[in-house]
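Here's my sequence, what's the structure:
(chains A and B)
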There are 2 protein chains.
Amino acid sequence: MKIVLADSAGFCFGVKRATQLAFKAAEETCRICSLGPIIHSPQVVEKLENKGVRVVEKLEDIEEGTVIIRSHGITAGELEEIKARNLIPVDATCPFVKKAQDYATMLCSEGYSVVLVGEKDHPEVKGIISYTRDGEVTVVADSREAQHLPGKGKIGIVAQTTQSFENLRQVTTVCLDKSKEVRVFNTICDATSVRQEEARKIAREVDLMLIVGGFNSANTTRLAQICRELQARTYHVETASEIDPSWFCSVETVGITAGASTPRWIIDEVVERVAEF
Amino acid sequence: MKIVLADSAGFCFGVKRATQLAFKAAEETCRICSLGPIIHSPQVVEKLENKGVRVVEKLEDIEEGTVIIRSHGITAGELEEIKARNLIPVDATCPFVKKAQDYATMLCSEGYSVVLVGEKDHPEVKGIISYTRDGEVTVVADSREAQHLPGKGKIGIVAQTTQSFENLRQVTTVCLDKSKEVRVFNTICDATSVRQEEARKIAREVDLMLIVGGFNSANTTRLAQICRELQARTYHVETASEIDPSWFCSVETVGITAGASTPRWIIDEVVERVAEF
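Residues are numbered from 1 along each chain as shown, chains lettered A, B, ... in the order given. Down below sits the predicted model:
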């Protein structure tokens, strides 16, 4: 059986960095926790727990020691509380998210009405807004929502890092009609679109697609959805142990990809398992 | 016969201002000329000539006295020459054109690669470029040309004031794909689009359209073309004297509009003439 493994499968830059920082911090100190699961991979979270990294949901649940800030960042208020309570932060905020925070803050300080393209309840979006302090920030999901914005003197635009470029483009188009000056920082990280594009390409060429990653990972679930939309026979698994040999009856080629929070060792185990059939 | 006169017919803000400045200067001094015809209306130019305003094509043709700078501006080099030769400038550059000059200059000084949406041989465009000194400015006519631009650190966009908004929007879309930061100043004056939109609306409702203005006026000629594209019976006249009574056989409603360089008195004469039939 032929296996086509996506080049883009697995950890993106920010997740890789966050995971490395977390394992390194776990080696160096024993009173350590992460504010929310560090990534959407139960297997990685379990490995970190075995090294002493406890997952807490809220800051008030932490009494002392080190707090790992996960890749989509926290709010300015939470960061202040960490400092005020003498907790030690390990900042694993993705550098691309940090850039979006910095650009939004700069635009507000220069008097722009900021339009943030993203999901208003997402922690990354809440974080970006919080750093602008009393800045004027409006979150819009898409161009339809942007159409309700009032006219403005000057509009600054930033995007949640996982947004699609097409959505940013459409919102920009609408904003051009609302203001005489529009300043856009394209803060989208293309890891997501590159992974999705490769999944589409492979799904068209194979008999069966395997998507590997946490069931709680939005980007992994989206990869499976994209392949199914192309009518590809698609299975989403978290680990190799879930693979059912009966899937491979009269299958000649298998495509494999994985979400941004899926570690290499899980992908390798899946590839090895499939190779056995 | 019913006459529908466009609200937007005639002088735009910049042309009205330039014409007023020219007539005022002609009252105050006798050694006076304009660098190029002040507007594309032979009748207005003739009136100014009768007041002593000579039209010259080149700076070297002027020996002394006052020089009127027309509404689409001149280059930085020409302005320096005027000052160096102790000529007295009357700056009738349209304030909207001046804004485009200022924004392009500011963007260059802040390190943007500037994209100027416009016609590269137009005096307004040449003027805008000249004020940026050694700035990096590329003129693109449309999105097709913009596609050939190389990727850039940050792109600033300004437009020739008479460009269409749709063209600016399309170029912006292409530039978003070329750079992580795109800063757009919409320097388009909407007088042109408002006049064209109203001409379209009227042309659909009447039996005959009269377009009034200089045959050498690009925006007037464009108005006639727009009406003809809508299959409206359209005549382009410079003055009331050109109107032929035979045009109005079995005509019940006549639409009238005029280009940005057509003075009020000529429009009034046309309306009075048509009202006679």
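
what about the nearest residue to A:His40 once chain neighbours are set aside, how many neighbours?
Distances taken as C-beta to C-beta, 6 or more residues apart in numbering or on different chains put A:Ser217 closest to A:His40, at 3.7 Å, once the chain neighbours are dropped. Glycine gets a C-beta too; all of them are placed from N, C-alpha and C. Applying other C-beta atoms under 10 Å in any protein chain shown, we find 22 residues neighbouring A:Ser217.

A:Ser217 and A:Val4, how far apart?
Spatial separation of A:Ser217 from A:Val4 under the definition C-beta to C-beta, to the nearest Å is 21 Å.

likewise A:Ala18?
When C-beta to C-beta is applied, the distance between A:Ala18 and A:Val4 equals 28 Å.

Can you tell me who the one residue in the stretch 101-250 of chain A that gets nearest to chain B pairs with across the strands?
The stretch 101-250 of chain A approaches chain B most closely through A:Arg183 (4.3 Å), counting by C-beta to the nearest C-beta. Judged by DSSP bridges, the bridge partners of A:Arg183 are A:Gly156, B:Arg183.

and it, what pLDDT?
A:Arg183 carries a pLDDT score of 98 in this model.

isn't it right up against A:Val114?
No - with contact taken as C-beta atoms under 8 Å, A:Arg183 and A:Val114 are classed as non-touching, separated by 9.7 Å.

where do the contact lists of the two overlap?
Common neighbours of A:Arg183 and A:Val114, using C-beta atoms under 8 Å, 6 or more residues apart in numbering or on different chains, are A:Leu107, A:Ile155, A:Gly156, A:Ile157.

So the third one sits against A:Val115, correct?
Pointing back at A:Gly156 there. Yes - taking C-beta under 8 Å as the definition, A:Gly156 is a contact partner of A:Val115 at 7.2 Å.

For chain A, which segments count as strands?
All strands of chain A, identified by DSSP state E, fall at A:2-5, A:32-35, A:53-56, A:66-69, A:88-91, A:113-117, A:137-140, A:152-159, A:179-185, A:208-212, A:234-237, A:253-258.

Columns distance to B:Glu197 on top of those, output as a markdown table?
Listed next are the strands of chain A as a markdown table, based on distance: least, C-beta to C-beta, whole Å:
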| stretch | distance to B:Glu197 |
| --- | --- |
| strand A:2-5 | 54 |
| strand A:32-35 | 55 |
| strand A:53-56 | 60 |
| strand A:66-69 | 53 |
| strand A:88-91 | 53 |
| strand A:113-117 | 27 |
| strand A:137-140 | 28 |
| strand A:152-159 | 24 |
| strand A:179-185 | 19 |
| strand A:208-212 | 51 |
| strand A:234-237 | 50 |
| strand A:253-258 | 50 |
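
Please convert those to JSON lines, extending it with mean neighbour count.
Output for the strands of chain A, formatted as JSON lines (neighbours: other C-beta atoms under 10 Å in any protein chain shown):
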{"stretch": "strand A:2-5", "mean neighbour count": "15"}
{"stretch": "strand A:32-35", "mean neighbour count": "22"}
{"stretch": "strand A:53-56", "mean neighbour count": "16"}
{"stretch": "strand A:66-69", "mean neighbour count": "22"}
{"stretch": "strand A:88-91", "mean neighbour count": "16"}
{"stretch": "strand A:113-117", "mean neighbour count": "26"}
{"stretch": "strand A:137-140", "mean neighbour count": "20"}
{"stretch": "strand A:152-159", "mean neighbour count": "23"}
{"stretch": "strand A:179-185", "mean neighbour count": "23"}
{"stretch": "strand A:208-212", "mean neighbour count": "26"}
{"stretch": "strand A:234-237", "mean neighbour count": "20"}
{"stretch": "strand A:253-258", "mean neighbour count": "24"}
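
To B:Lys126, which of those strands lies closest?
Relative to B:Lys126, the nearest member of those by C-beta to C-beta is strand A:179-185, separated by 23.4 Å.

Show me what that closest one is packed up against.
Judged by 3 or more C-beta pairs under 8 Å, 6 or more residues apart in numbering or on different chains; DSSP states H and E, strand A:179-185 is in contact with helix A:95-109, strand A:152-159, helix A:165-176, strand B:179-185.

Mind listing what's buried along the longest one?
Going back to what we said before, that points to helix A:95-109. For helix A:95-109, the buried set under the neighbour-count rule, 16 or more other C-beta atoms under 10 Å in any protein chain shown, comprises A:Phe96, A:Val97, A:Lys98, A:Lys99, A:Ala100, A:Gln101, A:Tyr103, A:Ala104, A:Thr105, A:Met106, A:Leu107, A:Cys108.

Could you tell me what pLDDT the model assigned to the closest residue to A:Val139 other than its chain neighbours?
Once its chain neighbours are removed from consideration, A:Val139 has its nearest residue in A:Lys120; the separation is 4.1 Å (C-beta to C-beta, 6+ apart). Looking at A:Lys120, its pLDDT reads 93.

how far away is A:Lys120 from A:Ile129?
To A:Ile129, A:Lys120 is 9 Å away according to C-beta to C-beta.

what do these two both touch?
Contact criterion C-beta under 8 Å, 6+ apart; residues bridging A:Lys120 and A:Ile129 by contacting each: A:Val139.

of these two, who's got more company?
A:Ile129 (22 against 14).

got the contact list for the nearest residue to that one once chain neighbours are set aside?
Ranked by C-beta to C-beta, 6+ apart and with sequence neighbours excluded, the top spatial neighbour of A:Ile129 is A:Val137, at 5.1 Å. Under the criterion of C-beta under 8 Å, 6+ apart, the contact list for A:Val137 reads A:Ala104, A:Cys108, A:Val114, A:Val115, A:Leu116, A:Ile128, A:Ile129.

wait, what's in contact with A:Val251?
Counting by C-beta under 8 Å, 6+ apart, the residues that A:Val251 touches are A:Met1, A:Asp207, A:Leu208.

Going by distance to A:Asn86, which of those wins?
Of all the contacts of A:Val251, the one with the least separation from A:Asn86 (C-beta to C-beta) is A:Leu208, at 53.3 Å.

remind me which residues of the stretch 1-150 of chain A are low pLDDT?
Low-confidence regions of the stretch 1-150 of chain A, defined by pLDDT under 70, are absent; no residue qualifies.

what's the residue nearest to A:His40 in contact with, if anything?
Going by C-beta under 8 Å, 6+ apart, A:Ser217 touches A:His40, A:Ser41, A:Gly259, A:Ala260, A:Ser261, A:Thr262.

just A:Arg85 next, same as before
Residues touching A:Arg85, when contacts are defined by C-beta under 8 Å, 6+ apart, comprise A:Leu59, A:Ile62.

and what of A:Arg70?
For A:Arg70, the residues meeting the contact criterion (C-beta under 8 Å, 6+ apart) are A:Ala18, A:Ser34, A:Leu35, A:Gly36, A:Pro37, A:Ile38, A:Ile39, A:Ala92, A:Thr93.

For those, give me CSV that also has distance to B:Arg228.
Rendered in CSV, the data for those read as follows (distance: C-beta to C-beta, whole Å):
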residue, distance to B:Arg228
A:Ala18, 64
A:Ser34, 70
A:Leu35, 68
A:Gly36, 65
A:Pro37, 67
A:Ile38, 67
A:Ile39, 64
A:Ala92, 65
A:Thr93, 60
